[in-house]
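K.L.:
Structure here, sequence nowhere to be found:
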């Protein structure tokens, strides 16, 4: 999923992965932990793999420069801040959390639906060709 910021859309993908895990009552702590680890590993592995592929297949000496600080900030904003806020609320206001949990779940589903609709609308000119590429000849 491409969110338009040039990094392949991975922050949105990671965020929806954690949301989907929550909605299907999976192990959210494990999902968040794996999200954080993969986010940190990606910062180092993507430039290495892309540079290696460019040299191998394109003969290019151009180096990919991943904005390290921007990536770390995205990880914090999308993963660490919401999780920390949820943990604090769960610790200090468990009754409140229990009351709003069902509403938050439906709000999460609505948010996910809006993301999907928005992405389909943004890529409406390409959606048919994407399906043909995936399932076609």
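P.N.:
Nice, I can see it. Note that the coordinates shown come from a computational prediction; the quantities given were computed from them, not determined experimentally.
K.L.:
the helices in the chain, which residues?
P.N.:
All helices of the chain, identified by DSSP state H, fall at 10-23, 28-53, 68-75, 81-92, 94-122, 127-135.
K.L.:
in stretch 123-133, what counts as buried?
P.N.:
Neighbour-count burial for stretch 123-133 flags no residue at all (criterion: 16 or more other CB atoms under 10 Å). C-beta here means a position set from N, CA and C on the backbone, and glycine is covered the same way.
K.L.:
mind listing what's buried in stretch 74-94?
P.N.:
74, 75, 78, 79, 83.
K.L.:
again, but for stretch 42-58
P.N.:
42, 46, 51.
K.L.:
gap between the most far-flung residue of the chain relative to its centre and residue 111?
P.N.:
Most distant residue from the mean C-alpha position of the chain: residue 59, 31.4 Å away (CA atoms, centre = their mean). Distance, residue 59 to residue 111, using CB to CB, to the nearest Å: 44 Å.
K.L.:
now swap in residue 95 and tell me
P.N.:
Distance from residue 95 to residue 111, by CB to CB: 24 Å.
K.L.:
Check residue 90 too.
P.N.:
Taken as CB to CB, the span from residue 90 to residue 111 is 20 Å.
K.L.:
For stretch 103-116, what is the distance to the chain centroid?
P.N.:
Stretch 103-116 sits 15 Å away from the centroid of its parent chain (CA atoms, centre = their mean, to the nearest Å).
K.L.:
Begin at 760 from now on, thanks
P.N.:
Let's use 760 as the start, then, which means that last one is stretch 862-875.
K.L.:
what residues does it touch?
P.N.:
Stretch 862-875 is contacted by residues 771, 775, 778, 779, 781, 782 when judged by CB atoms under 8 Å, 6 or more residues apart in numbering.
K.L.:
now with 6 Å?
P.N.:
Defining contact as CB atoms under 6 Å, 6 or more residues apart in numbering, one finds that stretch 862-875 is touched by residue 778.
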